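K.L.:
Turn this into a model:
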Amino acid sequence: LMYRSIMEEHKQVRTSGGLFDVSHMGRLKFTGKDACKILDRLCTRQIHGMQDGQIRYSIICNAHGGCRDDVLVYKNKDNDYLMVCNGANRAKILNHIEEHRGEFSFKLKDETEATAMIALQGPKVMELLGTVSKEVPELKRYRFLMKNLLIAKIMISRTGYTGEDGVEVILPAKFAAKGIEMLLKNMGEDANMAIIKPTGLAARDSLRLEAGMPLYGHELTEEIDPLSAGLAFAVKLDKGVGENEAEPFIGQNALLSIAENGSGKKLVGLTLEGKRSPRQHMHVLSEG
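P.N.:
Model prediction:
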């Protein structure tokens, strides 16, 4: 959760850089001729037509339009995709996939235990990465590349969950400790100590909250739909309609109804007075 104080780690990422261990996130590999189709059936965002090396943020919904999870989908090449889901939802999402497997022909491999995942986030991270790689700083947002590091293949993506620039790296679990050691050593010990420091998940939560990024179990639940949560950009309501070749997604009809009639709910941000932090489930009251 933390290595130092949350405030210190939060400021470290906002001003310089932090290294997060996010290996708890689920990593599910989809391959086979219908890999794209099953992902379009599961995801609110359109997967059909994605480019190689592209990533899309999406929601997985239940039949009523509520959020079962929010995910990132990576396209390596045709018939080869990776989904990163929330760690606490991994078993639920695996069951959800099997429930909707139908006649789709694809293979699903849970690579969570076999891989590790780290995030390097902060305003000085990309400049620092430029000292060890020319390709990584040239990556566009929501794009990734594969690199060989000794005997290991690693995936580096221009993504993150702090509101800062940076990358997320997926690498074999057995190579993780050595890989991180090499990465930091190549950046220079002095530079590493000054620019990038280990950062815990508590600061990750405060950073994403400050940046207005939703967290499953808080701003997103099975009872909250993505439209009410301000995530309409991640919902393609015309999937499978007319000339659109993509599979319609689970919960699409429910979200079409919500888009037309509203849900009576809307996620908003509040500016607070004073230094006191609000806590989960505190009531918001109106004076007068």
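K.L.:
so Lys185 sits in a helix?
P.N.:
Yes. Lys185: assigned to a helix according to DSSP: H, G, I helix; E, B strand; the rest coil.
K.L.:
what number of residues lie near it?
P.N.:
11 (other Cβ atoms under 10 Å). Backbone N, C-alpha and C define where each C-beta goes, glycine included.
K.L.:
so what pLDDT did it get?
P.N.:
Turning to Lys185, the model gives it a pLDDT of 70.
K.L.:
Residue numbering should commence at 43 henceforth.
P.N.:
From this message on, residue numbering opens at 43, which makes the last subject Lys227.
K.L.:
ok, it to Val174 distance?
P.N.:
Between Lys227 and Val174 the distance is 10 Å, computed by Cβ to Cβ, to the nearest Å.
K.L.:
swap in Ile193?
P.N.:
Ile193 sits 18 Å away from Val174, going by Cβ to Cβ.
K.L.:
now swap in Ile89 and tell me
P.N.:
For Ile89 relative to Val174 (Cβ to Cβ), the value is 32 Å.
K.L.:
Which of the two has more residues huddled nearby?
P.N.:
Ile89 (27 against 13).
K.L.:
Now do the one helix or strand Lys151 maps to: which elements does it pack against?
P.N.:
In this structure, Lys151 sits in strand 149-152 according to DSSP states H and E. The contact analysis (3 or more Cβ pairs under 8 Å, 6 or more residues apart in numbering; DSSP states H and E) places strand 149-152 against strand 68-73, helix 132-141.
K.L.:
List the buried residues of the helix or strand following the shortest one.
P.N.:
Note on strand 68-73: by DSSP H and E, the next helix or strand toward the C-terminus is helix 77-84. Neighbour-count burial for helix 77-84 flags Ala77, Cys78, Lys79, Ile80, Leu81, Asp82, Arg83, Leu84 (criterion: 16 or more other Cβ atoms under 10 Å).
K.L.:
Any idea which residue is closest to the centre of the protein?
P.N.:
Leu114 (4.8 Å; Cα atoms, centre = their mean).
K.L.:
do you know how far that one is from His52?
P.N.:
Taking Cβ to Cβ, one finds Leu114 at 23 Å from His52.
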